[in-house]
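>>> next input, structure requested:
(one chain, ligands or ions: 1)
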Amino acid sequence: MISVTSLTKRYGAHTAVNDVSFECAPGTVTGFLGPNGAGKSTTMRMITGLTPPTAGESTVAGKPYRQLPNPGREVGVLLDASAQHPGRTGREVLTLSARTQGVDSARVDELLSLVQLAGPAAGRRVRGYSLGMRQRLGIAHAFIGDPRVLILDEPANGLDPEGIFWMRGLLRDFADRGGTVLLSSHLLREVEAVADRLVVIGGGRIVANGTKEELLAAGGVRVRALDPGTLQKALERAGLAVTAGADGALSVQAEAEQVGQVAASISAVLLELRPVDTGGLEELFLTLTAGEAKETAR
Ligand SMILES: Nc1ncnc2c1ncn2[C@@H]1O[C@H](COP(=O)(O)OP(=O)(O)OP(=O)(O)O)[C@@H](O)[C@H]1O
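This is a model prediction of the structure:
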């Protein structure tokens, strides 16, 4: 479980992360999405105790990260694939980590195989690794303490399509066995296939948070009726948010079935009833973050 409550980080006059709250439950993969500079890394660094927040708090497995007695056994972290010592071999990096965390060194070979770095690659120095190999090593490093929570910043960076597919399977399997995963990306497609929930951040603020299905339904439905005024009143009585368009159509923040039920209850004659086409999550993501992306590009 990861719990983030009103996290805020200011650098001088610049607010990098602004009142961010969300939760990641066991058994789920949460995609943390946003354009470059949106505040993903800063949020993850605050969760993992590397950056002190200006305000707010976060817990992992019920405690602030810094209070976890042996954090690697609770939470696997990959924030920067290039953070490993370039002069060490892949095997040395994992062996040192295993020792520090009190993990059986047999796990090192298991993990080298898991991330496909077994054989000669394990004996090469990290400075000679490609970015994809560094990511794989970083993923192995995150897994070494057999944690129940994973926090991964842009883990797909540098992986080829086969590598991305492999990583999705690994994370899905981890979550299906009860693990909690938070992974960031600036590319929706990278996380769309594996995430159960999406937290979208733009300009330091959460702009969307929900299941993929909920975010898609955010477009609502479009309905046209013979008597739009009467239908609008009935929908509003049912507690739904309705906007009347210039062409007489109504936009309703609800599922098509809910709108259909209300229409049936007053025997309204419908001329059209369909979900508003959001063009998929990609378009939703671009729309949600467009203004923010421009901000940070300046
Ligand atoms: N140490 C720092 N000092 C000053 N500003 C910072 C610092 N770290 C981050 N920022 C600023 O905070 C904002 C958020 O940065 P952050 O790295 O968290 O974004 P991000 O979503 O992870 O982006 P990217 O995908 O490019 O890594 C940016 O405007 C960045 O310039």
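
>>> need the contact list for the residue lying closest to residue 256 once chain neighbours are set aside.
With Cβ to Cβ, 6 or more residues apart in numbering as the criterion, residue 256 has its nearest non-adjacent residue at 4.8 Å, and that residue is residue 221. C-beta: built from backbone N, CA, C; applies to glycine. With contacts taken as Cβ atoms under 8 Å, 6 or more residues apart in numbering, residue 221 has the following neighbours: 251, 252, 254, 255, 256, 259, 273, 274, 275, 276.

>>> can you give me the distance of the fifth one to residue 199?
Which is residue 256. 26 Å (Cβ to Cβ, to the nearest Å).

>>> the two: which has the busier surroundings?
Neighbour totals were compared for residue 256 and residue 199, and residue 199 leads with 25 against 16 (other Cβ atoms under 10 Å).

>>> now do the SS call for residue 58.
For residue 58, the assignment made with DSSP: H, G, I helix; E, B strand; the rest coil gives strand.

>>> so it touches residue 46, yeah?
Yes: using Cβ atoms under 8 Å, residue 58 is in contact with residue 46, at 6.3 Å.

>>> those two: which is more packed in?
Of the pair residue 58 and residue 46, residue 46 is the one with more neighbours under other Cβ under 10 Å, namely 25 against 22.

>>> which residues touch residue 157?
Residue 157 is in contact with 81, 131, 135, counting by Cβ under 8 Å, 6+ apart.

>>> which stretches of the chain form strands?
Counting by DSSP state E, the chain has these strands, from start to end: 2-11, 14-24, 28-33, 55-60, 75-78, 149-152, 180-185, 197-202, 205-211, 221-225, 242-244, 250-252, 270-275.

>>> include distance to residue 67 and mean pLDDT when you put the ones you listed into JSON lines, please.
Putting the strands of the chain into JSON lines (distance: least, Cβ to Cβ, whole Å; pLDDT from 0 to 100) gives the following:
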{"stretch": "strand 2-11", "distance to residue 67": "14", "mean pLDDT": "96"}
{"stretch": "strand 14-24", "distance to residue 67": "18", "mean pLDDT": "95"}
{"stretch": "strand 28-33", "distance to residue 67": "22", "mean pLDDT": "94"}
{"stretch": "strand 55-60", "distance to residue 67": "9", "mean pLDDT": "96"}
{"stretch": "strand 75-78", "distance to residue 67": "12", "mean pLDDT": "94"}
{"stretch": "strand 149-152", "distance to residue 67": "14", "mean pLDDT": "97"}
{"stretch": "strand 180-185", "distance to residue 67": "18", "mean pLDDT": "95"}
{"stretch": "strand 197-202", "distance to residue 67": "24", "mean pLDDT": "89"}
{"stretch": "strand 205-211", "distance to residue 67": "25", "mean pLDDT": "86"}
{"stretch": "strand 221-225", "distance to residue 67": "47", "mean pLDDT": "89"}
{"stretch": "strand 242-244", "distance to residue 67": "48", "mean pLDDT": "80"}
{"stretch": "strand 250-252", "distance to residue 67": "47", "mean pLDDT": "84"}
{"stretch": "strand 270-275", "distance to residue 67": "46", "mean pLDDT": "90"}
